[in-house]
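Sequence isn't available, so here's the structure alone:
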């Protein structure tokens, strides 16, 4: 499977391969939320949860882990998704999502 460049949303770009994608931030026009320190080579990661997103949110609340944003609807690699954003211990931005019908 080949990776391809695609445009989505309001002119944003991503590299897509199968049902995965890597969103590209353009220096000076980063979108929110973004990496704690957006520098060249930094990536934000998105994972599709194996359980309902409400279960993910409940788990974060039980662990007192702060949710940066969400749940919000977003554009996924293959379809609309519902996401929450958290930071890992190294302050990387992690998006956890569920697919929407």
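Cool, the structure landed. Keep in mind that what you see is a predicted model, and the values were worked out from it rather than measured. Numbers count the residues shown, from 1 in each chain.

quick one, helices of the chain?
Taking DSSP state H, the helices of the chain run over residues 53-62.

Which of the helices and strands in it ranks last by mean pLDDT?
Within the chain, no helix or strand scores below strand 20-24, which has a mean of 78 by mean pLDDT, DSSP states H and E.

Now do that strand: everything it contacts.
With contact meaning C-beta atoms under 8 Å, 6 or more residues apart in numbering, strand 20-24 is reached by 6, 12, 13, 14, 15, 43, 44, 46, 76, 77. Bear in mind the C-beta positions are built from the backbone N, C-alpha and C, glycine included.

Now with 10 Å, please.
1, 3-6, 8-9, 12-16, 31, 34, 43-48, 74-78, 95 (C-beta atoms under 10 Å, 6 or more residues apart in numbering).

tally of neighbours for residue 25?
Number of residues near residue 25 (other C-beta atoms under 10 Å) recorded here: 18.

For the residue nearest to it when sequence neighbours are not counted, the count of nearby residues, please.
Counting by C-beta to C-beta, 6 or more residues apart in numbering, residue 25 lies nearest to residue 38, which is 5.9 Å off, once chain neighbours are set aside. The local packing of residue 38 (other C-beta under 10 Å) involves 13 other residues.

repeat for residue 33
By other C-beta under 10 Å, neighbour count at residue 33 equals 17.

Quick check: the gap between it and residue 5.
23 Å (C-beta to C-beta, to the nearest Å).

what does residue 24 give?
9 Å.
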